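Peer 1: need the 3D shape of this:
(2 chains)
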Amino acid sequence: MEDHPPHDAWAQPPMEPPAPPPPPVIPWEDPSRPWTAALVATIGAFITHPRQAFERVPVRGDVLRPLVFAILVGWIGQFFYAIWEISFSGMVGAMLPDQPMLTGAALPRGYWFAMMALAPLLTATGLIVSACLSHLFLLLFGGARNGFVATFRALCYVQVATLALVVPFCGAYAGGIAVLVLEIIGFSALHRISTGKAAAAVLVPAMLCCACVSVVIMLAGAAFLSTLGGLTP
Amino acid sequence: MIAWRAATDDDRTLAAVLAGGAATTAVLAVVAAPVAPALARLLPACVFHAVTGLPCPGCGTTRAALALLAGDPFAALGFNPLATLAAFAGCAFALVAPLWLAAGGAVPHLASAPAGGLPRGARLVVVSALAAQWAWLVARG
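Peer 2: Residues are numbered from 1 along each chain as shown, chains lettered A, B, ... in the order given. Next up, the predicted model:
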């Protein structure tokens, strides 16, 4: 007599839909791509679809690659910012003679050349400091689910916002707002937390520590716009 | 509460970046020390203080930095205790961390922390420190 297995053992398992493939990593994290094409594609992805781009950033792994990305885009932004300051600070300083520091008119040209040269080092240092501060507030709000490396990687790609400095005059203000928005999206995506929790971790330190800086930027923008309005016939 | 884990390549890279950043900041501080007071005078005043009459939690950081550049850490502590302590802690960490990891040292981490957050006690310490700093700045005027 043939020994058959019980009937249930022959039963087909219920058909499950195949799991969707994970989204590909962002181009900058793909070592098979040439770095220039990857840089451009990554910048485009973060500018056009930041949420999807952050969701494609690996939570763990090499920190040097995102750091190099941050240094490159930070350098480009700082380069243009220095160029605009050297070119236009005299003109803007004449419009706002009471605000020499805000218009950059009080600073010698050598300062801006030094900033251009030191931008990579200052970007790296600033990233470490801001990552420590951001991670502390993520921990306070219970949002640091994927560790310090995830915070650091998110902040590296947030540096895309410094490319707003390529735009003269209003680039710094737009960049400042873009940094906050991208930080919220980045922390939310990389730590897998709600947008509200990420916003709290980003905005509370900004309000606590940089309230004065934010207000100064707004007042400077308002003064600049009102001056432009006054010049309009 | 604190557990130890083996260091990874990421830890070593971060420590190296931190050490490089601290060294750069130190060099810049030495180079910029003669002109720092003049540059600081050009900075805009704290608008929060101007509007409310109270210092913001970050007030005094510039004066603390200038005091540190002038070699007066006690005055710096008076101007902004947390920023000064953070500067000292950061410098010490930047100096020690790469050497510690190069020697094969393990990395500490909070083992008993809830997912994504600090233990209640640590959270209380951080919030208390921030509140105490602000109270100190308000009392100092």
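
Peer 1: can you tell me which residues in chain B are near chain A?
Peer 2: B:9-10, B:13-14, B:17-18, B:20-22, B:24-25, B:28, B:39, B:42-44, B:46-49, B:51, B:56-59, B:90, B:113-118, B:123, B:126-127, B:130 (Cβ under 8 Å from any Cβ of the partner chain). Any C-beta I mention is one placed from the backbone N, CA and C, and that applies to glycine too.

Peer 1: which among those residues end up buried?
Peer 2: Among those, those scoring as buried are B:10, B:13-14, B:17-18, B:20-22, B:24-25, B:28, B:44, B:46-49, B:56-59, B:90, B:113, B:116-118, B:123, B:130 (criterion: 16 or more other Cβ atoms under 10 Å in any protein chain shown).

Peer 1: so which of these are in helices?
Peer 2: Among those, the members falling in helices (DSSP state H) are B:10, B:13-14, B:17-18, B:20-22, B:24-25, B:28, B:47-49, B:90, B:123, B:130.

Peer 1: give the contact list for the residue nearest to the spatial centre of chain B.
Peer 2: Of all residues in chain B, the one closest to the mean position by Cα atoms, centre = their mean is residue B:86, 2.3 Å from it. Listed by Cβ atoms under 8 Å, 6 or more residues apart in numbering or on different chains, the contact set of residue B:86 is empty.

Peer 1: give me the secondary structure label for it.
Peer 2: helix (DSSP: H, G, I helix; E, B strand; the rest coil).

Peer 1: ok now the helix or strand where residue A:113 lies, how far from the chain's centre?
Peer 2: Using DSSP states H and E, residue A:113 sits in helix A:109-140. Relative to its parent chain, helix A:109-140 has a centroid offset of 12 Å by Cα atoms, centre = their mean, to the nearest Å.

Peer 1: give me the contact list for the helix or strand following that helix.
Peer 2: Per DSSP H and E, helix A:109-140 leads on to helix A:147-158 as the next helix or strand towards the C-terminus. With contacts defined as Cβ under 8 Å, 6+ apart, helix A:147-158 is touched by A:26, A:42, A:46, A:53-54, A:57-61, A:63, A:66-67, A:69-70, A:127-128, A:130-131, A:134-135, A:138, A:144, A:179, A:182-183, A:186-187, A:189-191, B:10, B:14.

Peer 1: same thing but at 7 Å, please
Peer 2: Applying Cβ atoms under 7 Å, 6 or more residues apart in numbering or on different chains, the external contacts of helix A:147-158 come out as A:46, A:54, A:57, A:59-60, A:63, A:66-67, A:69-70, A:127, A:130-131, A:134-135, A:138, A:144, A:179, A:182-183, A:186-187, A:190-191, B:10.

Peer 1: and those, which are buried?
Peer 2: Buried among those (16+ other Cβ under 10 Å): A:46, A:54, A:57, A:63, A:66-67, A:69-70, A:127, A:130-131, A:134-135, A:138, A:144, A:179, A:182-183, A:186-187, A:190-191, B:10.

Peer 1: quick check: closest non-adjacent residue to residue B:18.
Peer 2: residue B:94 (4.7 Å; Cβ to Cβ, 6 or more residues apart in numbering or on different chains).

Peer 1: where's the one you found, which helix or strand?
Peer 2: Going by DSSP H and E, residue B:94 is in helix B:81-102.

Peer 1: same question for residue B:109.
Peer 2: Assigned by DSSP H and E, residue B:109 falls in strand B:107-110.

Peer 1: likewise residue B:7?
Peer 2: Going by DSSP H and E, residue B:7 is not in any helix or strand.

Peer 1: which non-adjacent residue is nearest residue A:72?
Peer 2: In space, residue A:72 is closest to residue A:39, 6.4 Å off (Cβ to Cβ, 6+ apart).

Peer 1: state the helix or strand in which the one you found lies.
Peer 2: Going by DSSP H and E, residue A:39 is in helix A:35-48.

Peer 1: and residue A:16, by the same measure?
Peer 2: Going by DSSP H and E, residue A:16 is not part of any helix or strand.
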